[in-house]
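> I'll drop the sequence and a predicted model, then ask my questions.
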Amino acid sequence: MDYISHLDALSSEANANILATWSSYSNTERESDSLVEQLQTTLDVEKLLSIYLSAIAAQYKISSVELDTFHGKFKSGKRNKSSQTMTLPIRINDRLMGRISYFSEKPITDILMSSLTSHQKKLIYPLRNALAFWQLQQMALKDPLTGIGNRAMYDDAIEYKVQHASRFKETFVLMLLDLDNFKTVNDTHGHLMGDDILSGFVTLVKDCLRGTDQMFRFGGDEFTILLEKEGLNGAHIVAARIHHAISKNTTFNKYKVSTSIGCACFNENDTPNDLFARADKALYAAKDAGKNCMKIA
Ligand SMILES: Nc1nc2c(ncn2[C@@H]2O[C@H](COP(=O)(O)OP(=O)(O)OP(=O)(O)O)[C@@H](O)[C@H]2O)c(=O)[nH]1
């Protein structure tokens, strides 16, 4: 055999080996590798769950998965009334990260449980990274004292709200709230008492809002509220509710703290700054009018 023929023979032997290896690489393994690759494409917890659910839904008749962690709950899919539930823990190095509940249209058997336990292993590390990222995002966007969104979250929310309202010809109201006489609490009773007043104020105001409204701490003792799909009538009702709740609250009465409110209703073509400037002007007017009242601009 000459040198070239020898090389040809070696090459066809190598190709045959590759083909043999490839065909022994089963469909299941290919799917499994593809799931791992897909799970590495996002740090969004809900997207991860959705990718994971797509991979297991058809094979195991799973209609929904719900993740319960110490930091929050997330879910993907819709569970049917007839679904059977199975919950598996998620552990990394024996540390419990949370639990995933699977809602299945099939009876829960030992075989199903062991298949899902094995699939779930692929989710663990991408999920750990996504949860860490989610926690960082929460820290960056939430006010640690009161637990509501901070100024950065307000900036994002108002930008979205203005675009949404312009596109769908909707209306909404921006309310600015500033505590009255709050400095005296800090100066006389200390910052810890001041902190309690701030947290208590948020709890009290949130009880006066709908679940679809949003409240943010803008800074210091100043707060913003976005009243969903509301006009100025709605703003009057909400402001009256807040003032009434404060007037009935023993702590706020004891420390003589109330709130001034400035409101502005979104007009077509308003930018976030236009709307804020009007609400701010109204807030100044409320302070000038003797505090503890609401003004509109
Ligand atoms: N305890 C506490 N105080 C804060 C915090 N952030 C800002 N403050 C205080 O909030 C006060 C805000 O000042 P002002 O708005 O002028 O006080 P005010 O007495 O409510 O004034 P008026 O609005 O005119 O009634 C200052 O004393 C700040 O030190 C906080 O996180 N905790």
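Perfect, thanks for sending it.
> going forward, measure contacts and count neighbours with C-alpha atoms only.
OK.
> what sits against the nearest residue to Leu112 once chain neighbours are set aside?
Residue nearest to Leu112 in three dimensions, not counting chain neighbours: Tyr60, with 7.4 Å by Cα to Cα, 6 or more residues apart in numbering. Tyr60 makes contact with 104, 106, 112, according to Cα atoms under 8 Å, 6 or more residues apart in numbering.
> Of those, which belong to strands?
When the contacts of Tyr60 are checked against strands (DSSP state E), the matches are Ser104.
> who wins for most neighbours among the contacts of Tyr60?
Neighbour counts for these, by other Cα atoms under 10 Å, peak at Ser104, which reaches 22 neighbours.
> Where do the strands of the stretch 151-297 of the chain begin and end?
173-180, 214-219, 222-227, 258-265, 294-296 (DSSP state E, counting those that start in this stretch).
> and these, which is most packed in?
Among the strands of the stretch 151-297 of the chain, ranked by average contacts under mean count of other Cα atoms under 10 Å, first place goes to strand 258-265 (a mean of 26).
> what's the angle between that one and strand 173-180?
Interaxial angle, strand 258-265 versus strand 173-180 (axes from the mean of the first three to the mean of the last three Cα atoms, to 10 degrees): 160 degrees.
> Which elements pack onto strand 258-265?
If contacts are counted by 3 or more Cα pairs under 8 Å, 6 or more residues apart in numbering; DSSP states H and E, strand 258-265 sits against strand 173-180, helix 232-248, helix 272-288, strand 294-296.
> on that earlier part again, what's the spacing between the residue nearest to Leu112 and Ala289?
If you measure Tyr60 against Ala289 using Cα to Cα, to the nearest Å, the figure is 66 Å.
> for Gln120, same thing?
61 Å.
> domain ranges for this protein?
Structural domains of the chain, as assigned by automatic domain parsing, span the residue ranges 24-141, 151-296.
> gap between the two ends of the last one?
For domain 151-296, the first-to-last residue distance is 22 Å (Cα to Cα).
> list the contacts for the residue nearest to Ala239 when sequence neighbours are not counted?
With Cα to Cα, 6+ apart as the criterion, Ala239 has its nearest non-adjacent residue at 6.7 Å, and that residue is Met294. By Cα under 8 Å, 6+ apart, the residues touching Met294 are 236, 239, 260-263, 282-283, 286.
> Distance to Gly200 and pLDDT added to the residues you listed, as TSV?
Converted to TSV, the contacts of Met294 look like this (distance: Cα to Cα, whole Å; pLDDT from 0 to 100):
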residue	distance to Gly200	pLDDT
His236	22	95
Ala239	17	97
Ser260	16	98
Ile261	17	98
Gly262	20	98
Cys263	22	97
Ala282	24	98
Leu283	21	98
Ala286	22	98
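> And these, which is closest to Leu179?
Each of the contacts of Met294 was scored against Leu179 by Cα to Cα, and Ser260 proved nearest at 6.4 Å.
> Strands of the stretch 1-150 of the chain, residue ranges please.
Per DSSP E, counting those that start in this stretch, the stretch 1-150 of the chain has strands spanning 62-69, 73-77, 84-92, 95-104. These are given in chain order.
> Quick check: which of the ones you listed is buried the most?
Among the strands of the stretch 1-150 of the chain - counting mean count of other Cα under 10 Å - the highest mean neighbour count belongs to strand 62-69, which has a mean of 21.
> And the contacts of that one?
Contacts to strand 62-69, defined as Cα under 8 Å, 6+ apart, come from residues 49, 53, 56-57, 73-80, 83, 97-106.
> Restrict that strand to CA atoms and write it as PDB.
Extracted C-alpha coordinates of strand 62-69, given in PDB (Å, rounded to 0.1, in the frame of the first residue of the first chain):
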ATOM      1  CA  ILE A  62     -46.700  18.300  33.100                       C
ATOM      2  CA  SER A  63     -48.900  21.400  32.700                       C
ATOM      3  CA  SER A  64     -47.300  23.700  35.300                       C
ATOM      4  CA  VAL A  65     -44.200  24.000  37.600                       C
ATOM      5  CA  GLU A  66     -44.100  26.200  40.700                       C
ATOM      6  CA  LEU A  67     -40.900  27.100  42.400                       C
ATOM      7  CA  ASP A  68     -41.000  28.100  46.100                       C
ATOM      8  CA  THR A  69     -37.800  29.600  47.500                       C
END
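> partners of it in the sheet?
strand 73-77 (antiparallel), strand 95-104 (antiparallel) (DSSP bridges).
> Which one of those strands lies nearest to the ligand?
strand 73-77 (28.3 Å; Cα to the nearest ligand atom).
> Distance from that closest one to the middle of the chain?
Mean C-alpha position of strand 73-77 versus that of the full chain (Cα atoms, centre = their mean, to the nearest Å) differs by 12 Å.
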